[in-house]
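> I would like to see how this sequence folds:
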Amino acid sequence: MVAGLAKKALTEEDKRILKVVSSELFEIRRLVDELAETLVKLSDKELLKAFNADRDNLKENQVDSYKEKLEKQLFIAEKEFRT
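Below is the predicted model:
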């Protein structure tokens, strides 16, 4: 019977606002869960070590790629100089 009274006491505007609040709470809950998962991952030392190793490998690959480009340019410049 109380639920019936509550339904009558809520206006359409109140119902609309409650729906918005409900959806916002759902989104906040999702974000909090995502944050908690991220914090767990950040506290995982093995994962951080792996991430740092991947980052270092990426830097090495970028240096190697840059070195290869420079060597190609040098080869082309030497070839042009000889002819």
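
> C-alpha only now, for contacts and for neighbours.
Fine.

> Next, Leu10: phi, psi?
phi -80, psi 130 (degrees, to the nearest 10).

> how close does it get to Glu24?
20 Å (Cα to Cα, to the nearest Å).

> Ok, Asp44 next?
From Asp44 over to Glu24 (counting by Cα to Cα), the distance is 30 Å.

> the domain parsing of the chain - what is it?
The record's domain parsing of the chain by automatic domain parsing lists 1-43, 45-83.

> Reformat the ones you listed as JSON lines; add mean pLDDT and mean neighbour count.
Below are these laid out as JSON lines (pLDDT from 0 to 100; neighbours: other Cα atoms under 10 Å):
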{"stretch": "domain 1-43", "mean pLDDT": "82", "mean neighbour count": "11"}
{"stretch": "domain 45-83", "mean pLDDT": "77", "mean neighbour count": "11"}
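
> And the helices in the chain, which stretches?
2-9, 12-43, 45-82 (DSSP state H).

> Let me know the angle separating the longest one from helix 12-43.
Using axes from the mean of the first three to the mean of the last three Cα atoms, to 10 degrees, the direction of helix 45-82 lies 70 degrees away from that of helix 12-43.

> Make 23 the starting number, not 1.
OK, 23 is where the count begins now, so the last one is helix 67-104.

> Just checking the distance from helix 67-104 to the centre of its chain.
Taking the mean of its C-alpha atoms, helix 67-104 sits 26 Å from the chain's own mean (Cα atoms, centre = their mean, to the nearest Å).

> same deal with stretch 93-105?
44 Å.

> Likewise for stretch 34-48?
The answer for stretch 34-48 is 28 Å, by Cα atoms, centre = their mean.

> could I get that stretch in CSV with only the CA atoms?
Provided in CSV are the C-alpha atoms of stretch 34-48 (Å, rounded to 0.1, in the frame of the first residue of the first chain):
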residue,chain,number,x,y,z
GLU,A,34,6.0,12.8,-14.0
GLU,A,35,8.9,15.3,-13.5
ASP,A,36,10.0,13.3,-10.4
LYS,A,37,9.9,10.1,-12.3
ARG,A,38,12.0,11.6,-15.1
ILE,A,39,14.5,12.9,-12.6
LEU,A,40,14.7,9.5,-10.9
LYS,A,41,15.4,7.8,-14.2
VAL,A,42,18.2,10.2,-15.0
VAL,A,43,19.7,9.8,-11.5
SER,A,44,19.4,6.0,-11.8
SER,A,45,21.2,6.0,-15.2
GLU,A,46,23.9,8.3,-13.8
LEU,A,47,24.4,6.1,-10.8
PHE,A,48,24.8,3.1,-13.1
